[in-house]
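1. Below is the sequence, then the predicted model.
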Amino acid sequence: MSLGVSIKAVLLDADGRVLLGRNPRQEWELLGGRPDPEDASPQDTLRRELLEEAGLAVDVGPILDSWIYDLGELGRVCIVTYRATLPNSSSLQVSEEHSDLRWFTADEVLTAPMPQGYKDSVRRAR
């Protein structure tokens, strides 16, 4: 089985909160996804994915982290995280990829049901 890649954003708002989406496994996760053939860079992937998943145009900053996530029967994926910010305030638009989108404080991230790798990436972004 090949190892896939997923590019994720630690998107911070002006108050330092991070945007998370609730996935079908009922976990919270960073927004982003797999590169499409037309994406010229990981940053392009994030800009496209955040627009698709939340209706947000974002500025992508530096790479934060990378780690392997084991999804059991579904395989393994290399998660690569980048810091991102909102250049202006926008309202969230929930897509079919998540049942909910929510801004989390640093303390809320620590207790949210999600993989430890995401929590580590959020900590690095601060």
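-> On my side now, so go ahead.

2. Output the below-cut-off pLDDT ranges for this structure.
-> 1-2 (pLDDT under 70).

3. Adjacent strands (with direction) for the top strand by length along it?
-> Longest strand in the chain by number of residues (criterion: DSSP state E): strand 59-70. If you go by DSSP bridges, strand 59-70 pairs up with strand 76-85 (antiparallel).

4. Name the residues of the next helix or strand after the partner strand that are buried.
-> Scanning forward in sequence from strand 76-85 by DSSP states H and E, the next helix or strand is strand 100-104. Across strand 100-104, burial judged by 16 or more other CB atoms under 10 Å covers 101-102, 104. (C-beta placed from N, C-alpha, C; glycine too.)

5. and those residues as CSV, adding distance to Leu71?
-> Listed next are these as CSV, based on distance: CB to CB, whole Å:
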residue, distance to Leu71
Leu101, 22
Arg102, 23
Phe104, 22
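
6. which residue packs closest to Arg22, ignoring adjacent ones?
-> Asp100 (4.3 Å; CB to CB, 6 or more residues apart in numbering).

7. ugh, typo on my part, it should be Lys119
-> Nearest to Lys119 is Val109, by CB to CB, 6+ apart, at 5.9 Å.
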